[in-house]
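> Pasting a predicted model and its sequence here:
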Amino acid sequence: KLPPIDGDFYDYDLKLSQEQRDIQMKVRGFMETEIDPIANHYWNKAEFPMEIIPKMAALNICGVAYEGYGCPNLPFLMEGIIAEELARVDVSISTFFGVHSGLAMGSIYLCGSEEQKQEWLPKMQKMEAIGAFGLTEPNVGSGVAGGMETTCQKVGDEWILNGQKKWIGNATFADVIIIWARDVDDNQAKGFLMRKGNPGYKAEKIENKMALRTVQNALITITDCKIPEGDRLQKANSFRDTAKVLRMTRAGVAWQALGCARGAYESALKYTKKREQFGKPIAKFQLIQNHLVEMLANLTAMKAMVFRLSELQDQGLLTDEHASLAKVFCSMRTRDVVSRAREVMGGNGILLEYDVARFVADAEAIYSYEGTKEINSLIVGRAITGYSAFV
Ligand code: FAD
């Protein structure tokens, strides 16, 4: 009997409580039965399977670590476990979820007034309203903290917004889009709840992506958009507040990288046991085993790192540098794992239906979003040397 295919070699999952393990298995079951059969189809068509939203809502995993507003209030560790389970089958679904539950709900949770939280979080928790998060711009990506070109200006009780946002996930269909803009009067970043249907808001789908094709990323154009003061995030008064949201979600992206690598490894391992060359399964060849072991070593190192990262987050000790180091390491290691997974599958490794090609492409997006590998390296570099090398 062949040993099981499982990327959790040191049994980190055994550290979970029974309740946590039940949630993990519920999410795994959903991904394997509902998403796995349709993932390649939607990725290929570059469309989002809207019909999965109610089924995903039933898992009760949105805002999993937030307190109140119908959220489960579980440890941040569970946010990580969920990100891993989603990405293990489909990184696009994990990204859709991370934008909604992490970046959008997280902005409201950390920066919203009580009234704003009461209005949005319960319905977002049930996925009756879907969120997006608009920070990056066509001309400003990594340098968005100091160089944001989208502006806001207060005129009476209203704010007038102008500018563009690029790459904004879920923005073509979201009910609420968090828009970050620079106040022309005090030059500070402010956050706004842009409601679907605002006449000055236009979201055009970005076509021809070679990664995360299922995610609906948009180029947003905002023209003299009027937003009432009541829809300005009341506790977002500078980029430091935006950074709080990113710190909270960056740990989740490291977990997502692990999930992506794990999905590719498990598919590749299964394949090597079935595929025969020279009259025997390729898993019997030493060079193939070496690839598999290097993949597993990377997975195991990533898991140890993100597990500890979430423990720090749950203890209130997480810093930007902690989250950035994990994002750097996991996104680099994931690239290595997915490329070896593709390699051991030979030509079939580039065919979607062999369940590795999608991970290879999607790993590229993980590498660059929520702070590129370079920018996260500079955050850690600044912390350990005392010198900022950003400019
Ligand atoms: P640039 O900033 O132009 O960087 C180009 C290269 O230069 C990179 O390699 C970068 O590391 C390097 N570089 C830049 N500055 C320095 C420096 N000082 N030192 C060394 N190297 C440097 N944004 C959102 O707001 N919301 C979303 O929902 C969202 N979803 C996304 C989904 C996808 C699939 C992608 C690809 C992106 C998404 N983004 C989103 C945007 C993402 O966060 C940005 O792409 C990322 O921050 C990098 O910005 P950029 O693409 O403009 O690259």
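Yep, that arrived.

> Quick check: most distant residue from the centroid of this structure.
Ranked by distance from the centre of the chain (C-alpha atoms, centre = their mean), the top residue is Gly279, with 42.4 Å.

> Give me the pLDDT for that one.
If you check Gly279, the pLDDT there is 98.

> The ligand contacts on the protein?
99, 133-136, 141-142, 167-169, 212, 217, 365, 368-370, 372, 374-375, 378, 390 (C-beta under 6 Å from any ligand atom). No exception for glycine: its C-beta is placed from N, CA and C like everyone else's.

> Quick check, the residue in the chain closest to the ligand?
Proximity of the chain to the ligand (C-beta to the nearest ligand atom) peaks at Gly141, 1.8 Å away.

> How about the contacts made by that residue?
Going by C-beta atoms under 8 Å, 6 or more residues apart in numbering, Gly141 touches 166, 372.

> which stretch of helix or strand covers it?
Gly141 is located outside every helix and strand, with elements delineated by DSSP states H and E.

> Torsion angles phi and psi at it?
phi -110, psi -90 (degrees, to the nearest 10).

> What are the boundaries of the helices in the stretch 151-300 of the chain?
Ranges of helices within the stretch 151-300 of the chain are 239-274, 286-314, based on DSSP state H, counting those that start in this stretch.

> cool, the stretch 1-150 of the chain as well?
Going by DSSP H, counting those that start in this stretch, the stretch 1-150 of the chain shows helices at 18-30, 36-45, 53-57, 76-89, 91-97, 105-111, 114-125, 144-147.

> The second one - what's its average pLDDT?
I take that to be helix 36-45. Mean pLDDT, helix 36-45: 98.

> Of all the residues in that helix, which ones are buried?
With burial defined by 16 or more other C-beta atoms under 10 Å, the residues of helix 36-45 counted as buried are 39-40, 42-43.

> how about JSON lines for those, with distance to Arg250 added?
Formatted as JSON lines, the buried residues of helix 36-45 follow (distance: C-beta to C-beta, whole Å):
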{"residue": "Ala39", "distance to Arg250": "25"}
{"residue": "Asn40", "distance to Arg250": "28"}
{"residue": "Tyr42", "distance to Arg250": "26"}
{"residue": "Trp43", "distance to Arg250": "25"}
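
> Check those residues against Asn348 and report the nearest one.
Asn40 (13.4 Å; C-beta to C-beta).

> Which phi and psi values does the nearest residue to that closest one once chain neighbours are set aside adopt?
The shortest distance from Asn40 to any non-neighbouring residue, by C-beta to C-beta, 6 or more residues apart in numbering, is to Leu352 (4.6 Å). Main-chain dihedrals, Leu352, degrees, to the nearest 10: phi -50, psi -40.

> can you tell me which residues contact Leu352?
Contacts of Leu352 (C-beta under 8 Å, 6+ apart): 40, 43-44, 358.
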